[in-house]
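Participant: Turn this into a structure:
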Amino acid sequence: MDAALSPSPPQSDWISIGVLTVLRVFRSVAAGFINLMFPYFVVVQLYNRAEQGYLTLGSIYVVATLASAGLGFLMGYAADTLGRKRTFLIALAMLPASTGLLLVSQSLPVIFVAAALGGYSATGSLAGGGVGGVVAPIQSALITDLSSRHDRTFLFGVLAFLSGIAAAFGALGAGFLGSFEVLVVATFLGTVSLVLGLFLRDKAEPKRGQRLRTAGTIGKFSLTGILNGASQGLVTPFLIPFFILIYDVKQDTMGVWATVSGIIAAFSLLLAPFIERGFGFVRSIYVTRGGTILLALAFPLIQLFPVSIALYCIFPSLRVMAVPVQQSAMMDLVSEGERGRALGINQGLRLSFSAVGTGFTGYEFASSVYLPFAVYAVVMGGNLVLYHMFFRGYESPEMKRAAADPPGQVSGPPPKSP
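Facilitator: Sure, this is the predicted structure:
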């Protein structure tokens, strides 16, 4: 029986889910290390805070984002046609390979290659890891295959929560280590996650030569992904550089605040099942992503350190809070054999346009920190309009379940099968 229709996954699937969770935690710690260390490495160590450092950092992020976008397309297609586990292992190997490269050489060409291979694009909050994004579509497809519909949003949220906590503490640790030590630890953790991936169970059968039957739905999610990616690229990679430029915050201090922000974002993901049951898919997007518009407009205008830190701690949580709800909705509306491609296409387009946003901000950032945040507000507003146009008629199965439950009862995940 399809996992999406079964009452609860069998024990063997729960074991695979556990393995996937542990390896994701290891990767997320590595991602937290890199997310904090990398901008300081480029801007401070290589360029001593000169304007050229910010331009170079932006260029590296653009190249890494475009590389992740292209690899996302390829990995999504391969996950459906060649097998998800095989493709997943290849994707897992890219992160330790990239950090290993930087241990060998830290010349600028090698930095660009390593960033492209490892996805050092910082296009996700710490709750999402922020690097190595090419793995994300396959992870989501594997979780969907291994879980029931009632478990799915809960599992997406819990995995993202654990990932965010791990990444947050990775960022905290990076604040007290040098770049060499960070790279050593990240390489080790990435290698461990690759070994753990060997123990995953792949339930999906590869399906070659099939056309996309839900191409229209995939196209709608891709269009919203384009604007979401553009808005993300405009602001997210430059939140830490903002504090370097405006407040000259040191790496160890920024590590503490990055940890706090990551933990808040991680805990916000645990609200996803309740948001889905209370608001449904589209309204949860309105509330959470819409809230980031106000924060983005305030962020560069109120340059008081306590206010800036407060906004920095809240902003990522609102961006990611509804991500598990969005992932579940996509998996509901896309055919089982097309999930890898749907997620890969969405990821690829989102990251491609994130690169556009990152390139724009990288060019403008040192001379004007205001414009990127204003453009973010406009782009995110357009994104909310698209969600309303495309998905206002969709009703989450979990929202229907909530309407059928007795008042005050909130269903958690069902018990495991014996």
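Participant: following the strand or helix carrying Thr144, which helix or strand shows up next?
Facilitator: Secondary structure from DSSP states H and E places Thr144 in helix 136-146. With elements assigned by DSSP H and E, the helix or strand that comes after helix 136-146 is helix 149-174.
Participant: now whichever helix or strand comes after that next one against helix 149-174, angle please.
Facilitator: Using DSSP H and E, the helix or strand that follows helix 149-174 in sequence is helix 179-197. Put simply, helix 179-197 runs at 150 degrees to helix 149-174, going by axes from the mean of the first three to the mean of the last three Cα atoms, to 10 degrees.
Participant: what about dumping the CA coordinates of helix 179-197 to PDB?
Facilitator: The C-alpha trace of helix 179-197 is given here as PDB (Å, rounded to 0.1, in the frame of the first residue of the first chain):
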ATOM      1  CA  SER A 179      38.400  28.700   9.700                       C
ATOM      2  CA  PHE A 180      40.800  25.700   9.500                       C
ATOM      3  CA  GLU A 181      39.200  24.000  12.500                       C
ATOM      4  CA  VAL A 182      35.700  24.700  11.200                       C
ATOM      5  CA  LEU A 183      36.600  23.100   7.900                       C
ATOM      6  CA  VAL A 184      38.000  20.000   9.600                       C
ATOM      7  CA  VAL A 185      34.900  19.500  11.700                       C
ATOM      8  CA  ALA A 186      32.500  20.100   8.700                       C
ATOM      9  CA  THR A 187      34.400  17.600   6.600                       C
ATOM     10  CA  PHE A 188      34.200  15.000   9.300                       C
ATOM     11  CA  LEU A 189      30.500  15.500   9.900                       C
ATOM     12  CA  GLY A 190      29.700  15.500   6.200                       C
ATOM     13  CA  THR A 191      31.500  12.200   5.800                       C
ATOM     14  CA  VAL A 192      29.700  10.600   8.700                       C
ATOM     15  CA  SER A 193      26.300  11.700   7.200                       C
ATOM     16  CA  LEU A 194      27.400  10.000   3.900                       C
ATOM     17  CA  VAL A 195      28.100   6.700   5.600                       C
ATOM     18  CA  LEU A 196      24.800   6.800   7.400                       C
ATOM     19  CA  GLY A 197      23.000   7.300   4.100                       C
END
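Participant: Any buried residues in that helix, and which?
Facilitator: Within helix 179-197, the residues that count as buried by 16 or more other Cβ atoms under 10 Å are 179, 182-187, 189-194, 196-197. C-beta here means a position set from N, CA and C on the backbone, and glycine is covered the same way.
Participant: follow-up on the earlier one: and the helix holding Thr144, how far out from the chain middle?
Facilitator: 14 Å (Cα atoms, centre = their mean, to the nearest Å).
Participant: now for it, which elements pack on it?
Facilitator: On a contact count with 3 or more Cβ pairs under 8 Å, 6 or more residues apart in numbering; DSSP states H and E, helix 136-146 meets helix 11-40, helix 51-81, helix 84-104, helix 149-174, helix 323-333, helix 339-364.
Participant: what's the average pLDDT for stretch 249-267?
Facilitator: Here stretch 249-267 scores 85 as its mean pLDDT.
Participant: Same question for stretch 95-106.
Facilitator: The average pLDDT within stretch 95-106 is 91.
Participant: Stretch 225-242 too?
Facilitator: Stretch 225-242 comes out at a mean pLDDT of 88.
Participant: Stretch 327-335 too?
Facilitator: On average, stretch 327-335 scores 85.
Participant: Using CSV, write out every CA atom in it.
Facilitator: Extracted in CSV, the C-alpha atoms of stretch 327-335 (Å, rounded to 0.1, in the frame of the first residue of the first chain):
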residue,chain,number,x,y,z
GLN,A,327,5.9,20.8,1.4
SER,A,328,3.0,18.6,2.4
ALA,A,329,0.7,20.5,0.0
MET,A,330,3.1,20.0,-2.9
MET,A,331,3.3,16.3,-2.2
ASP,A,332,-0.5,16.1,-2.1
LEU,A,333,-0.9,17.7,-5.5
VAL,A,334,2.0,16.0,-7.3
SER,A,335,1.9,12.4,-8.5
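Participant: which outside residues touch that stretch?
Facilitator: Here stretch 327-335 makes contact (Cβ atoms under 8 Å, 6 or more residues apart in numbering) with 4, 140, 144, 149, 152-153, 156, 213-214, 217-218, 221, 276, 281, 339, 342-343, 346, 391, 394, 396-398.
Participant: For it, buried residues please.
Facilitator: Those buried within stretch 327-335 under the rule 16+ other Cβ under 10 Å are Gln327, Ser328, Ala329, Met330, Met331, Asp332, Leu333, Val334.
Participant: In TSV: those, plus distance to Gln251.
Facilitator: Shown next, in TSV, are the buried residues of stretch 327-335 (distance: Cβ to Cβ, whole Å):
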residue	distance to Gln251
Gln327	33
Ser328	37
Ala329	39
Met330	37
Met331	39
Asp332	43
Leu333	43
Val334	42
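Participant: Of those residues, which is the nearest to Tyr77?
Facilitator: Val334 (14.2 Å; Cβ to Cβ).
Participant: Contacts only, for Leu223.
Facilitator: Neighbour list for Leu223: Leu386, Phe390 [criterion: Cβ under 8 Å, 6+ apart].
Participant: Can you verify my assumption that Ser59 contacts Gly362?
Facilitator: Yes. When contacts are counted by Cβ atoms under 8 Å, Ser59 is listed as touching Gly362 (6.5 Å).
Participant: Could you give the number of residues near the residue nearest to Leu142 when sequence neighbours are not counted?
Facilitator: Distance criterion Cβ to Cβ, 6 or more residues apart in numbering; nearest residue to Leu142, sequence neighbours excluded, is Arg84 at 5.7 Å. Arg84 is flanked by 25 other residues according to other Cβ atoms under 10 Å.
Participant: any idea how far Arg84 lies from Phe41?
Facilitator: 34 Å (Cβ to Cβ, to the nearest Å).
Participant: where does this structure dip in pLDDT?
Facilitator: Along the chain, the model assigns pLDDT under 70 to residues 1-12, 121-133, 204-212, 398-418.
Participant: What about the closest residue to Ser68 other than its chain neighbours, how many residues nearby?
Facilitator: Nearest residue to Ser68, sequence neighbours excluded (Cβ to Cβ, 6+ apart): Gly119, at 4.2 Å. By the measure other Cβ under 10 Å, the count of residues near Gly119 is 31.
Participant: Looking at the buried residues of stretch 327-335, spot the one nearest Ala265.
Facilitator: Gln327 (15.8 Å).
Participant: From Leu333, how far off is that closest one?
Facilitator: 11 Å.
Participant: coming back round to it: can you say which of the helices and strands packed on helix 136-146 is nearest to Ala258?
Facilitator: Nearest of the helices and strands packed on helix 136-146 (Cβ to Cβ): helix 149-174, 4.1 Å.
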